[in-house]
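A.B. asks: Model the structure of this input:
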Amino acid sequence: MQSVSNAPTIRAVRSRSSFDCLQHKWIRKVVDEAEADCHICIVGTKLDLVEVRSLPALLGCKSSRLTVAHMLYQMGLATRAVPREEVIALTAKHCADLFETSAKQACILAA
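C.D. replies: Below you'll find the predicted structure:
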C-alpha cells in the first residue's frame, strides 16, 4: 500500500459497525501503511436508504431529487446510524474529503 496517493474508504451510512470498522481498521491501515501524503476520501454508500424524519420545510419544493437529498442532508433531517457531526469530525481529523452516494438514485453528494 506504500505507493498509494489516494485512499477511498467506504462505509454504509445506515451502519454503525461499518463506520466503526472504517475508523478503527481501514483509516488506521492507510495511516500506518501508506505514504505520509496519502489523501483519504471517506465515501458513504446507500444514501437512498436514509429515511426522512420530517419534511415541513420542503413541502412544495420542486427541486431535483439530488437537490432535495442535499437539502435533507444539510438540514439534518435524515436518519443515519452515525450522527453527521461525528462523521465530519473524523473527516476533519484526517484532513479527508467526504462524499455520500446512492447507486440506486445515481447521485453523489460532497459534504
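A.B. asks: Can you list the buried residues in the helix or strand harbouring residue 92?
C.D. replies: Using DSSP states H and E, the element containing residue 92 is helix 84-93. By 16 or more other Cβ atoms under 10 Å, the buried positions in helix 84-93 come out as 84, 87, 90-91. Where you see a C-beta, it was placed from the backbone N, CA and C, and this is true even at glycine.
A.B. asks: residues touching the closest residue in space to residue 19 that isn't next to it in sequence, list them.
C.D. replies: Nearest residue to residue 19, sequence neighbours excluded (Cβ to Cβ, 6 or more residues apart in numbering): residue 82, at 4.5 Å. Listed by Cβ atoms under 8 Å, 6 or more residues apart in numbering, the contact set of residue 82 reads 13, 16, 19.
A.B. asks: Of the residues you listed - the most surrounded one?
C.D. replies: Of all the contacts of residue 82, residue 13 has the most neighbours under the rule other Cβ atoms under 10 Å, reaching 25 neighbours.
A.B. asks: Please, where are all the strands along this structure?
C.D. replies: Applying DSSP state E to the chain gives strands spanning 6-12, 39-45, 97-102, 107-110.
A.B. asks: Nearest to residue 30, out of these?
C.D. replies: Smallest distance to residue 30 across those (Cβ to Cβ): 4.4 Å, for strand 6-12.
A.B. asks: Show me what the closest one is packed up against.
C.D. replies: Helices and strands touching strand 6-12, as assessed by 3 or more Cβ pairs under 8 Å, 6 or more residues apart in numbering; DSSP states H and E, comprise helix 16-21, helix 27-33, strand 39-45.
A.B. asks: ok, now with 7 Å
C.D. replies: Here strand 6-12 touches helix 16-21, strand 39-45, going by 3 or more Cβ pairs under 7 Å, 6 or more residues apart in numbering; DSSP states H and E.
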